[in-house]
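# what would the 3D arrangement of this be:
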Amino acid sequence: MFRFQKLNVCILAKEIVIYNYKLTKPFPEYEKYSSVQQMNKAAISIPSNIAEEASRNGIKDRINF
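Here you go, the predicted model:
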């Protein structure tokens, strides 16, 4: 297990993703490819950015994230 997965912020980010999928599941079918897709991508980007930052070596790279 990587060290970033033990961070509280990473755990909370994963919970946001799960909550977002539960929240958007009952949305009407015509919203599935617009609002729902955008909300899911935004939620997934949070833990993805945390994981990407953890793989960086330099301080300048980490500042970007």
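# so in the protein, which helix runs the longest?
Of all the segments assigned as helix in the chain under DSSP state H, the longest by residue count is helix 35-54.
# what's that helix packed up against?
When contacts are defined as 3 or more Cβ pairs under 8 Å, 6 or more residues apart in numbering; DSSP states H and E, helix 35-54 sits against helix 8-24. In this view, the C-beta of every residue, glycine as well, is placed from N, C-alpha and C.
# rerun that using 10 Å as the cut-off
helix 8-24, helix 59-64 (3 or more Cβ pairs under 10 Å, 6 or more residues apart in numbering; DSSP states H and E).
# and of the ones you listed, who's closest to residue 49?
helix 8-24 (8.7 Å; Cβ to Cβ).
# what sits up against that closest one?
Residues outside helix 8-24 that contact it (Cβ atoms under 10 Å, 6 or more residues apart in numbering) are 2-5, 7, 31-32, 35-40, 42-51, 54.
# buried stuff in it?
Across helix 8-24, burial judged by 16 or more other Cβ atoms under 10 Å covers 10, 13-14, 17, 20, 24.
# tally of neighbours for residue 5?
13 (other Cβ atoms under 10 Å).
# in the chain, which helix or strand is least confident?
Ranked by mean pLDDT, DSSP states H and E, the weakest helix or strand in the chain is helix 59-64, scoring a mean of 67.
# hmm, which of the contacts of helix 8-24 are the buried ones?
The buried subset of the contacts of helix 8-24 - by 16+ other Cβ under 10 Å - is 36, 39, 43-44, 46-47, 50.
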